[in-house]
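> Fold the following for me, if possible:
(chains A and B)
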Amino acid sequence: MSHFLTAAVLTATVAAGIQLATPFLLAALGETMGERSGVVNLGVDGIMLLGAFGAYWVAAKTGSLVLATAAGLGIGLVMGLLTAFVSVTLKAEQGISGIGVFLFGLGLTNVMLLKLFASPVTIPALPAVRIPLLYRIPYFGTMFFTQNWLVYLAFVLVPVLTFVLNRTTYGMKIRAVGENPAAADTVGVSVSRIRYSTVILGCTLAGLAGATLLMLVGIFQEDLTNSEGFIAVALVYFGAFRPLGVMAGSLLYGMVGAVVVTWKTLGIIPTSASDIASMAPAVLTVLALLFVARRFQQPAALGKPYLRGG
Amino acid sequence: MRWRRTTQETRAAGAAGRKDLLFSWFALPAAGILALLLGTLLLLAFGANPLTAYRALVSGAFDGTYALTSTAVKAVPLLLVGAGICIAFRANMLNIGGEGQIAMGGLAATATALAVPSLPAIILVPLVLLAGAVGGGIWGAIPGAFKAYFQVNEILSTIMLNLVAVQFMNYLLSGPLVANSGYAVGGLIPQTKLLSRNAWLPTLIAGTQLHLGVLIAVLLAVGVYVLLWHTGIGFRIRAVGLSRDASRYAGMSVRPTMTLAMTLAGALSGVAGAMLVVGSVSHRMVTDGTLTGFTGNAGFNGIVVALFAGLNPLWTILTSFLFAGLLVGGISAQVITGVPADVVTAFNGLVVVLVVSVEFLRRRARARARAAAIAGPDPGGGGEIPETGGEMPGTEVPA
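Below you'll find the model as predicted:
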């Protein structure tokens, strides 16, 4: 334990935790937008897998991490269109169609991994970008201001999306459509247009989350996400549908992950105990769901397709 | 009601009703065909001849005793999970926790078989299956009660409990449940030691894998059908699924019913987990450390078969056999065409998306057909509505 409580190890662990939190955060922020407008997208995990694989393939072919990121975004966008069509236009049961998207993404990426990559290729990590001046702050500079630009983007999105949701007309329409679509419809807000926009935004961020995760791991492997997309959906409830709360949940997951890895590396806990330790966030999430469900109202129209006059 | 109207309107209503009725019947098969077409495109994209692939798939799954028995054995967990999904989804409880419930059932069964290995088979086999049902049932009851009493979204809690169960399984299979001699060569595969022969499910046809579990699973599926449509409990489950408020008004105990539906669904998945252990070729609990290592994704595929069966447990017997055929035949197709069998998982995903996408249109068509029938059946009785019970409960908030 004494090895763990040194400044160097602690700062490195926190820095790693922030990195691990980033895919969760991107995906969960996107999901937050969709859920505030009344649409649950359970396909996040499948879209993350597809985005991650797209990024992997592009990075392996071109060597460009910028193009790889773009691939993740693009795949997310296309999947967003499909998801919106199924959930909004065809009014499918959202809890189940998302499972279909997950199975589709899982199966397709496994097939493509086996077909397109005869041998595994590792892709370089995203370079860390030092924020001028701030990175010099002892300890904190290493933890918070020596990260790659996707990490910064994810955390900058937290205040941005909070502002959009609470202080803009668009955000007001999103919330109106999520709470009372019939009323929003009556005053001339297009329910389906708002929901299309939030679902596409959410899925695009899920694709980006996949690309981010890939660059963190450096290689694509079967079921790369390991349910991170599902956890991201749970984090939206955990965070009571607010970007700030979602950030807190993502950081919790990231930190627990980083601490477990560090402890394992330092030999503080045996491998078998790390299985028990990794159960902690999921158990905590279930308990948090229990708490949040009692304390915070979810958007009233969440998961309900809108039927004019119905 | 044997009167006829001869006006233009009635005839139009009758024709429309018949069209809607046809649509509501053929929507599911049409979704299946559309999925097959998209699957064909996938195969083409991976450079395989779809005809060769499908031929290999069909013969690998259904041609000959060996293929048929393998498919039947593969269908067992799908059928059990699927029958459970029929109960849960009919109660409008979206149980995504099959994976975890299978794992907990498997663990409970394994622990039981390891604890009392010398009991005679006639006692030990039922005991092991019962232990599986209890293990899975508890893992279904938790999210069920959380939903019923604390409004915790059951989709999310079941997914989280899947993660917990798998990590718990990995923990047990890397330590407590493993006899030292039980580790496979190199100690890489987490598995228990060979279970007592008394716990093995008896084989039905010598020389094949076909075990008693196939019969039990079919009987249980029939039992679920009887439960849902011929008992008071089943009526309550379906009523609660269609409208919790109306059921409450009618004086039904809504919360216990919701919990019960999830418990039964979990118990059936748990039995599937037990059979995956005592009905397997290796007769021990084996995993590879991943989420699907032990379950083979049956927790999710069970949802696919139940949805494709219109949430009817009798149809689920057929669909589980068909989808098991896909899984078994997919491996033969992989050998011949070089397209990895995981393409079946992607195909299953397409089926789920398509089935739930047509569900809204299907339900609307049925409502229209019913309305047309009430307005006046056209001569020939084309507007008669059969009670197939193929509807999914209405979309409700995952709270």
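> so A:Leu235 makes contact with A:Ala28?
Yes - counting by CB atoms under 8 Å, A:Leu235 touches A:Ala28, with 4.3 Å between them. Heads up, the C-betas are built off the backbone N, CA and C, glycines and all.
> Which residues are in contact with each of these two?
Counting by CB atoms under 8 Å, 6 or more residues apart in numbering or on different chains, the shared contacts of A:Leu235 and A:Ala28 are A:246, A:249-250.
> can you list those residues in TSV and add pLDDT?
Output for the shared contacts of A:Leu235 and A:Ala28, formatted as TSV (pLDDT from 0 to 100):
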residue	pLDDT
A:Val246	95
A:Gly249	91
A:Ser250	94
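> secondary structure element for residue 273?
Since no chain was named, I'll use chain A. Here A:Ala273 sits within helix A:271-295, counting by DSSP states H and E.
> You answered for a different chain; I wanted chain B.
Using DSSP H and E, B:Gly273 falls in helix B:254-278.
> ok, and does that helix reach over to chain A?
No - Helix B:254-278 does not reach chain A (CB under 8 Å from any CB of the partner chain); its nearest approach is 14.2 Å.
> Where does the residue positioned nearest the centre of chain B fall, secondary structure wise?
Taking CA atoms, centre = their mean, the centroid of chain B lies closest to B:Gly82, which sits 1.7 Å from it. Using DSSP H and E, B:Gly82 maps to helix B:65-90.
> before we move on, back to that, what's the separation between the residue nearest to the centre of chain B and A:Leu165?
Applying CB to CB, to the nearest Å, the value for B:Gly82 to A:Leu165 is 40 Å.
> I'd like the next helix or strand past the helix or strand hosting B:Val222.
Taking DSSP H and E as the definition, one finds B:Val222 inside helix B:212-230. Using DSSP H and E, the helix or strand that follows helix B:212-230 in sequence is helix B:232-242.
> The helix holding A:Ala273 near chain B at all?
Yes - for helix A:271-295, a contact with chain B is found by CB under 8 Å from any CB, at A:271-273, A:275-276, A:278-279, A:282-283, A:285-286, A:289-290, A:293-294.
> still on that earlier bit, which elements pack onto the helix holding B:Gly82?
helix B:50-62, helix B:98-115, helix B:212-230, helix B:232-242, helix B:254-278, helix B:298-308, helix B:313-337 (3 or more CB pairs under 8 Å, 6 or more residues apart in numbering or on different chains; DSSP states H and E).
> pLDDT of the last one, averaged?
If I follow you right, that is helix B:313-337. Mean pLDDT, helix B:313-337: 93.
> who's in contact with the residue of the stretch 151-300 of chain A found nearest chain B?
Distance from chain B to each residue of the stretch 151-300 of chain A (CB to the nearest CB) is smallest for A:Asp275, at 3.8 Å. Taking CB under 8 Å, 6+ apart, we find A:Asp275 in contact with B:167-168, B:170-171, B:174.
> how about 10 Å then?
A:260, B:166-175, B:289 (CB atoms under 10 Å, 6 or more residues apart in numbering or on different chains).
> okay, the helices and strands packed on helix B:65-90 in CSV with mean neighbour count next?
CSV is the format used below for those (neighbours: other CB atoms under 10 Å in any protein chain shown):
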stretch, mean neighbour count
helix B:50-62, 19
helix B:98-115, 29
helix B:212-230, 19
helix B:232-242, 19
helix B:254-278, 29
helix B:298-308, 29
helix B:313-337, 22
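> how far does the helix holding B:Gly82 sit from the chain's center?
The chain centroid and the centroid of helix B:65-90 are separated by 6 Å under CA atoms, centre = their mean, to the nearest Å.
> pLDDT (mean, whole number) over it?
For helix B:65-90, the per-residue pLDDT averages 96.
> cool, and stretch B:242-251?
Averaging pLDDT along stretch B:242-251 gives 92.
> start to end distance for that stretch?
15 Å (CA to CA, to the nearest Å).
> repeat for stretch A:27-44
Stretch A:27-44 end-to-end distance (CA to CA) = 7 Å.
> picking up where we left off before, now the contacts of A:Asp275: which count as buried?
A:260, B:166-174 (16 or more other CB atoms under 10 Å in any protein chain shown).
> ok, so of these, who is nearest B:Thr319?
The nearest member of the buried ones among the contacts of A:Asp275 to B:Thr319, counting by CB to CB, is B:Val166 at 26.1 Å.
> Where does that closest one sit: helix, strand or coil?
helix (DSSP: H, G, I helix; E, B strand; the rest coil).
> helices or strands up against the single longest helix found in chain B?
What stands out as the longest helix in chain B, according to DSSP state H, is helix B:8-45. The elements that helix B:8-45 packs onto, with contact taken as 3 or more CB pairs under 10 Å, 6 or more residues apart in numbering or on different chains; DSSP states H and E, are helix A:94-116, helix B:50-62, helix B:298-308, helix B:313-337, helix B:343-375.
> how big is the angle separating that helix from helix B:50-62?
100 degrees (axes from the mean of the first three to the mean of the last three CA atoms, to 10 degrees).
> still on that earlier bit, what separates the closest residue to the residue of the stretch 151-300 of chain A closest to chain B other than its chain neighbours from A:Ala277, distance-wise?
Computed as CB to CB, 6 or more residues apart in numbering or on different chains, the closest residue to A:Asp275 that is not its neighbour in sequence is B:Tyr171, at 3.8 Å. B:Tyr171 is 10 Å from A:Ala277, where distance means CB to CB.
> The residue nearest to A:Met279 when sequence neighbours are not counted: what's it in contact with?
Leaving aside its sequence neighbours, A:Met279 sits nearest to B:Gln167 (CB to CB, 6+ apart; 4.6 Å). By CB under 10 Å, 6+ apart, B:Gln167 lies in contact with A:274-280, A:282-283, B:103, B:291.
> Chain A contacts on the stretch 151-300 of chain B?
B:151-176, B:178, B:289-292, B:297, B:300 (CB under 10 Å from any CB of the partner chain).
> among those, which are in strands?
Secondary structure defined by DSSP state E assigns none of these to strands.
> Many thanks, we can stop here.
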